[in-house]
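> Next comes the sequence, and after it the predicted model I'd like to discuss.
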Amino acid sequence: MQETKRQKQIGQLLQEELSGVFQRMGFNVVDGGMISIAAVKMTPDLLEAKVYLSMFQIKSSEEMLERIKDRMGEIKKALGLRVGKQLRRMPELSFFLDDTLDYVFKMEELFKKIKEDDSNIKGENK
């Protein structure tokens, strides 16, 4: 089912504000790696938000996700102060890992391997 205009607007608002919250809390740059909010998807009733986090050069993404979840109350409070005037109810936040970057890197590796195999086969046929 496609998102409504309102779902997209609220998702975009939460994405922008969460980025600011993460920056202030020191989550955007951790141990030489970076964390960014890749996307925020809202349920049709606007009461739940799925927050997809993109982690670049983070040693243990799962461990970092747990650290973020442990500070959920603090994150929700800071976010509520920023968007409280625009929303009737603060949505329930759920954090997930966005594996799009990993997928892109894997696909690039596969294409490189296919190209190398292809050039090796052509080299043998000459």
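Yes, it's here. Remember, predicted model here, so these are calculated numbers, not experimental data.
> For Lys59, which three-state class applies?
Secondary structure assignment for Lys59 (DSSP: H, G, I helix; E, B strand; the rest coil): coil.
> burial of it, as a residue count?
Per other C-beta atoms under 10 Å, the neighbour tally for Lys59 reads 11. C-beta here means a position set from N, CA and C on the backbone, and glycine is covered the same way.
> cool, and Gln57?
Gln57 has 9 neighbours, counted by other C-beta under 10 Å.
> Run through the bridge partners of the residue most central in space within the chain.
Nearest to the mean C-alpha position of the chain, counting by C-alpha atoms, centre = their mean, stands Leu53 at 2.2 Å. Note on Leu53: beta-bridge partners Ile37, Leu97, judged by DSSP bridges.
> my guess is it contacts Ile37, does it?
Yes - with contact defined as C-beta atoms under 8 Å, Leu53 and Ile37 form a contacting pair (6.5 Å).
> List the residues that contact Glu62.
Counting by C-beta atoms under 8 Å, 6 or more residues apart in numbering, Glu62 makes contact with Leu97.
> so which helix or strand takes in it?
Assigned by DSSP states H and E, Glu62 belongs to helix 61-70.
> and what of Arg88?
Using DSSP H and E, Arg88 sits in no helix or strand.
> who's in contact with it?
Neighbour list for Arg88: empty [criterion: C-beta under 8 Å, 6+ apart].
> Would you mind measuring from it to Leu46?
As judged by C-beta to C-beta, to the nearest Å, Arg88 and Leu46 stand 8 Å apart.
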